[in-house]
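J.: Test case, fold it:
(2 chains)
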Amino acid sequence: MSAVQLVVRGALWGRKKVDVLVAKGRIAALAPAARKTRVDGAEEFDAAGLTLLPSLTDCHAHLREPGFEYKEDIASGLDAALHGGFANVMCMANTSPVNDNATVTELMLEKARAAHPGGPRLYPVGALSRGLKAEELAPVAELARAGCVAVSNDGLPVPSAEFFRRAMEYAWDQGLRVIDHCEEPSMNPGAGMNEGAVSGRRGMTAQPDVAEAAQVARDILLADYLRIPVHLAHISCRRSVELIAWAKERGVPVTAETCPHYLLLTEERAADFDTAAKVNPPLRTSEDVEALLAALESGVIDILVTDHAPHAAHEKEVEFDRAPCGISGLDTALSLTWGLVEKKRLSREAFLRAWTTGPCGIFGLPVNRFQVGDPADFLLFDPAARWEVTAGNMRSKGKNTPFAGTVLRGRVAAHFLGGKKKI
Amino acid sequence: MQWRHKDLLDVSQLSLDEARHVLETARYFQEINARPVKKVPTLKGRSVVLFFAEPSTRTRTSFDVAGKRLSADTFALAKSGSSLSKGESLKDTALTLQAMSPDAIVIRHSSSGAAQFLAERLECSVINAGDGRHAHPTQALLDAFTLSQRWGSLKGRTVLILGDIAHSRVARSNVILLNLLGARVRLCGPRTLLPPGVERWEAEVFSDLSKAVRGADAVMCLRLQLERMQAGLLPDLREYARTFGLGERHMALAAPQALVLHPGPINRGVEISSALADSGQSVILDQVAAGVAVRMALLFLYLTRKPAE
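T.: Just a heads-up that it's a prediction; the model follows:
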């Protein structure tokens, strides 16, 4: 054990107290907490009262660089990720210029390495179509070689089934899975408000959940027909959940994600025209919340993502129908979803799958299962710490969150990446 | 009654007593409007900004007349030629106006929630003169005033609102206020022009005008915007007029002496037959006169309210 560089003592792992031993940036052991025996030359960390969790992975974030650095940049986005408990972040391609060529991908990776050489690690998602216009395929092979781990048209739907089918085929040959932003573009695209009782009462332009489910159905049928996997982004409603359950029962290669806000908020949150609650797809109903929680528990929905979408304050401080969609999520995701575990709305197992093994399995990213040799990416979480969601308490430049002013329970007390203490 | 509200965003803010008080106050001003000299010094030295970010002639004029009859100074700010058309945000326009210290801002805006947006940021009173599809409280109050002039109480009366309910702030505010005042509300229009969730509104919903109008004490027609055809919500004007246009044959099925209302401007021969608009059953011009009285009442109440301690 002479190579042990770090010993974390007495952390809570499930119901057990454990020690974590790290050597060469990797897990050397996860053992029942032992009497304190000094390991020569190893750093010690007393984790009494803290909960041990593997670092999380976010497969869906908008880090805005290049082009929209006033909303967020890679350095600030990864800083929010680090403090929010994330080791791996996949960033979407709707930057300016769009990430539809190796130059942009390489720029993103360079910025990430320069700002955060020891992680969190950045994994760009390439554009599915040139300029995200859904007209011509992006050079997917070039993007894959440059380091993109998936391709997506995220932010904008792909209207043509034929185009989408060819994109799935072409990308899969390059080893990349397509992530689809499911939104039927003829039905009030980007309304950011659910069509239903609230929108009807308040006279708000809105989009029915059918707009999402219609493209979910299309993608499932294509995945079944082609036997090529597809990953469905930010699923928000029961109708989509039912289609995905149907697909999985039949062995269709489909995976799906949802976001913390769809598990915690409903359309009522936007009833007062609060643009912080304007998001695409929109917040739905309590029935949808229940369906999503059950689907996440059962694995019909595979993973959680933030869909971190930072915006500048002045962009959100406008009339509801003029505000951009999106919620800044990296700072709050862990506390919000751990809160679901504490309230027994979600099991610890489902939580860990949804944030760690699930996403890393789908996109082939390094994951810590606390088995010998796994990357020593983990955090010590103080489940009792209370913190208020305020601009000053967020690391992201985007302070746009419907949870602003809420007091959350649980915060990252320490975050180790590759065995090195980053915070 | 001591008025307690800073802003009028929708009629849903008003209690039954408050709504009645507005109508009472309007009755008083209606009498002033019948005098040879129609101006009173009540609001002398007070200023009201008429901020109309969406085209409107009648509502703006109505507020302008109402303010001037109370001796308030009114300032009109239209979107064209204003800083809004130069890309200034609503927030900055609002703050700029506030810096000029008006006592009230009357706002008309195409975005639902725009009046609330201003009210949350301004110290002066904000009166909603129509925000998107959301609310048009002064219209609902003047409609109720018009009906009460004829009926006394609205209690137990049946009012049919006909046409494009989905896109109508007039309909939304009227459904709330008519229910508050004890009337029974019916809605009628093609499914494509009914709002989502309408089945949970306090109203009976019809798709057949002949059934909807049966026994109604008043029919409130709504203006049909021609964009609805382009959006694929309706085939054409001819079919709409034949199916949902209110004519004398429908009024024959309504209660005797049933009234016909329209917030204007009307499309003759589309949502209402020309003859009916000019008939003795029509109170469309009474609504215009009521508009001035109701807006005088509102300006009076909001500008003389006692500020919260």
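
J.: quick one, longest helix in chain A?
T.: When chain A is parsed with DSSP state H, its longest helix is helix A:210-226.

J.: Can you give me the buried ones in it?
T.: A:211-220, A:222-224 (16 or more other Cβ atoms under 10 Å in any protein chain shown). Placement of C-beta: from N, CA and C, glycine included.

J.: That helix vs chain B: in contact?
T.: No: interface with chain B: helix A:210-226 contributes nothing (Cβ under 8 Å from any Cβ of the partner chain), its closest point being 11.6 Å away.

J.: Show me what that helix is packed against.
T.: Applying 3 or more Cβ pairs under 8 Å, 6 or more residues apart in numbering or on different chains; DSSP states H and E, one finds that helix A:210-226 makes contact with helix A:161-173, strand A:230-232, helix A:238-249, strand A:254-258.

J.: please redo it, this time with the cut-off set to 7 Å
T.: Packing contacts for helix A:210-226, counted by 3 or more Cβ pairs under 7 Å, 6 or more residues apart in numbering or on different chains; DSSP states H and E, involve helix A:161-173, strand A:230-232, helix A:238-249.

J.: Dump the buried residues of helix A:210-226 into JSON lines; add pLDDT as well.
T.: Putting these into JSON lines (pLDDT from 0 to 100) gives the following:
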{"residue": "A:Ala211", "pLDDT": "98"}
{"residue": "A:Glu212", "pLDDT": "98"}
{"residue": "A:Ala213", "pLDDT": "98"}
{"residue": "A:Ala214", "pLDDT": "98"}
{"residue": "A:Gln215", "pLDDT": "98"}
{"residue": "A:Val216", "pLDDT": "98"}
{"residue": "A:Ala217", "pLDDT": "98"}
{"residue": "A:Arg218", "pLDDT": "98"}
{"residue": "A:Asp219", "pLDDT": "98"}
{"residue": "A:Ile220", "pLDDT": "98"}
{"residue": "A:Leu222", "pLDDT": "98"}
{"residue": "A:Ala223", "pLDDT": "98"}
{"residue": "A:Asp224", "pLDDT": "98"}
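
J.: Can you report how many residues neighbour the nearest residue in space to B:Val213 that is not next to it in sequence?
T.: Nearest residue to B:Val213 in three dimensions, chain neighbours excluded: B:His250, at 4.7 Å (Cβ to Cβ, 6 or more residues apart in numbering or on different chains). Neighbourhood size, B:His250 [other Cβ atoms under 10 Å in any protein chain shown]: 23.

J.: in what helix or strand does B:His250 lie?
T.: In this structure, B:His250 sits in helix B:248-251 according to DSSP states H and E.

J.: And that helix, how far out from the chain middle?
T.: Put simply, helix B:248-251 sits 25 Å off its chain's centre (Cα atoms, centre = their mean, to the nearest Å).

J.: Contacts for the helix or strand just after that helix, please.
T.: Downstream of helix B:248-251, the next assigned helix or strand under DSSP H and E is strand B:259-261. Here strand B:259-261 makes contact (Cβ atoms under 7 Å, 6 or more residues apart in numbering or on different chains) with B:143, B:146-147, B:150, B:218-221, B:246, B:276, B:281-284, B:287.

J.: repeat that with 8 Å
T.: Strand B:259-261 is contacted by residues B:143, B:146-147, B:150, B:217-221, B:246, B:251, B:272, B:276-277, B:279, B:281-284, B:287 when judged by Cβ atoms under 8 Å, 6 or more residues apart in numbering or on different chains.

J.: start to end distance for stretch B:101-121?
T.: 13 Å (Cα to Cα, to the nearest Å).

J.: Stretch B:112-132 now?
T.: Taking Cα to Cα, the first and last residues of stretch B:112-132 lie 4 Å apart.

J.: pLDDT on it, on average?
T.: The average pLDDT for stretch B:112-132 rounds to 97.

J.: is it anywhere near chain A?
T.: Yes: with Cβ under 8 Å from any Cβ as the measure, stretch B:112-132 is seen reaching chain A through B:Ser112, B:Gly113, B:Ala114, B:Gln116, B:Phe117, B:Gly132.

J.: Secondary structure added to these, as JSON lines?
T.: What follows is these, written out as JSON lines (DSSP: H, G, I helix; E, B strand; the rest coil):
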{"residue": "B:Ser112", "secondary structure": "coil"}
{"residue": "B:Gly113", "secondary structure": "coil"}
{"residue": "B:Ala114", "secondary structure": "helix"}
{"residue": "B:Gln116", "secondary structure": "helix"}
{"residue": "B:Phe117", "secondary structure": "helix"}
{"residue": "B:Gly132", "secondary structure": "coil"}
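
J.: among these, which ones are buried?
T.: For the residues of stretch B:112-132 next to chain A, a burial check counting by 16+ other Cβ under 10 Å picks out B:Ser112, B:Gly113, B:Ala114, B:Gln116, B:Phe117, B:Gly132.
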